[in-house]
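In: Here is my input, please return the structure:
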Amino acid sequence: MSKCAWRAARCRCTCPRSWRLSCGGRCRRWRAAGCRMDSWTRCERRPWSEVRPHCRRWVPVHRQTGHNDGSRLVGVMDPSGEAAVLRFPEEILLLLLDDENGTFAHVPSWSLNYALGGGVLMDLALENRIDTDPEKLFLVDATPVGNSLLDPMLEEIAGATETHDARYWVEHAAGRAAEIRETALDRLVSKGILARQDERFLWVFRSRRYPVVDGKAEREVKLRIMEVLFSDMIPDPRDIVIIALADACGIFKFLLSRRELKNVQPRIDEVRRMELIGRAVAEAIWDIELIVRTQSVPMQG
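Out: Predicted structure coming up:
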């Protein structure tokens, strides 16, 4: 398209709530088509979950199937036989993925490290394996989840001889961010969501890109979160967690324009105040972020 088909004054989308709050006449980088003016598509009369990924009334896959323990991809299994549940580290990576070129948004390393490490702890909290109070993070159940992303951290927490607070474990998990990232990417590839593609530049270094194979998961996490931010809908616990993680780690400023972020910041703050399993983990990340900003020194994991 040569012109934006979704500007507020000329929106002809047939969906009942077509971009009611998010037209605005401005390019939105979080749209499903990567916000390329020549690649947006108009709505067609087909199921929302298949053809209308850019519409705010699109029904996320995990809500269609009635599961609340992760974003499930219908009919997909990973090689271990585990149901294809997208965990927070995987969703963070998909949130940062540019599906046009297969690269990730350039966020500070400390930001990504704490988002991935915090995501693992949040998943363990939602799995009722750990819990927190103002003074400590403690083990509830040492039974393995059966998940390659979560079980290594659960084993470390279960084997700890001393009690530590949430901040200690957030920093500890962030130190394993490189391993968490590779495991998350391997899982996304094994589920058929991403594909590995190595490219060499000047025969000096290698940049690995991850083209999207099945774009449903990548669109689902972005649009699920943006639907919460640009509406007054009640988010489910996983949405609250990922919004808290993304906000604490400063990820939204890489996904939204400055004006958009200013407009939705009150909504982000509102969501953050909602009941949150593992709230101490998010608060620990916010405290660390404040220290990093004050010192103006990027923190490495």
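In: And stretch 157-176, end to end?
Out: 13 Å (Cα to Cα, to the nearest Å).
In: Now the phi/psi pair for residue 194, please.
Out: Dihedral angles of residue 194 (phi, psi; degrees, to the nearest 10) stand at phi -120, psi 160.
In: Just grab the bridge partners of it for me.
Out: Beta-bridge pairing for residue 194 (DSSP bridges): residue 212.
In: For it, grab the count of nearby residues.
Out: 27 (other Cβ atoms under 10 Å). In this view, the C-beta of every residue, glycine as well, is placed from N, C-alpha and C.
In: so what's it up against?
Out: 97, 102, 185, 188, 210-213 (Cβ atoms under 8 Å, 6 or more residues apart in numbering).
In: mind putting the residues you listed in JSON lines, pLDDT included?
Out: Converted to JSON lines, the contacts of residue 194 look like this (pLDDT from 0 to 100):
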{"residue": "97", "pLDDT": "85"}
{"residue": "102", "pLDDT": "79"}
{"residue": "185", "pLDDT": "92"}
{"residue": "188", "pLDDT": "90"}
{"residue": "210", "pLDDT": "68"}
{"residue": "211", "pLDDT": "71"}
{"residue": "212", "pLDDT": "70"}
{"residue": "213", "pLDDT": "74"}
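In: Out of those, flag the one nearest to residue 271.
Out: The nearest member of those to residue 271, counting by Cβ to Cβ, is residue 97 at 22.2 Å.
In: who does that closest one bridge with?
Out: Beta-bridge partners, per DSSP bridges, of residue 97: residue 104.
In: list the buried ones in stretch 227-237?
Out: 227-230, 235, 237 (16 or more other Cβ atoms under 10 Å).
In: First-to-last residue distance for it?
Out: 14 Å.
In: what about it, average pLDDT?
Out: The predicted model assigns stretch 227-237 a mean pLDDT of 88.
In: Strands of this structure, start to end?
Out: For the chain, the strands defined by DSSP state E occupy 71-77, 83-86, 97-98, 103-104, 130-132, 137-139, 197-201, 205-209.
In: can you list the weak-confidence ranges in this structure?
Out: The chain contains residues with pLDDT under 70 at 1-84, 199-208, 210, 214-216, 218, 275-279, 289-301.
In: Using the record, which stretches count as separate domains in it?
Out: The record's domain parsing of the chain by automatic domain parsing lists 1-59, 68-301.
In: contacting residues around the closest residue to residue 213 other than its chain neighbours?
Out: Once flanking residues are discounted, residue 213 sits nearest to residue 195: 4.9 Å by Cβ to Cβ, 6 or more residues apart in numbering. Residue 195 sits next to 189, 210-213 when contact means Cβ under 8 Å, 6+ apart.
In: so which of the residues you listed is the most crowded?
Out: residue 210 leads the contacts of residue 195 on contacts (other Cβ under 10 Å) with 23 neighbours.
In: okay, the contacts of residue 195 in TSV with distance to residue 110 next?
Out: TSV is the format used below for these (distance: Cβ to Cβ, whole Å):
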residue	distance to residue 110
189	26
210	22
211	27
212	27
213	30
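In: how about stretch 85-101: buried residues?
Out: Buried residues in stretch 85-101 (16+ other Cβ under 10 Å): 85-99.
In: Buried ones in stretch 155-163, by neighbour count?
Out: residue 157.
In: before we move on, what about stretch 280-291?
Out: So, applying 16+ other Cβ under 10 Å, buried residues of stretch 280-291: 280-286, 288-289.
In: if we take the residues you listed, which one ends up nearest to residue 219?
Out: residue 282 (25.3 Å).
In: which one is that closest one nearest to, not counting chain neighbours?
Out: That would be residue 244: by Cβ to Cβ, 6+ apart, it lies 4.4 Å from residue 282.
In: What is the burial count for that neighbour?
Out: By the measure other Cβ under 10 Å, the count of residues near residue 244 is 25.
In: and the gap between it and residue 86?
Out: 17 Å (Cβ to Cβ, to the nearest Å).
In: What ranges does the stretch 51-200 of the chain have for its helices?
Out: With DSSP state H, counting those that start in this stretch, the ranges of helices along the stretch 51-200 of the chain come out as 61-64, 88-96, 109-126, 151-159, 166-174, 177-190.
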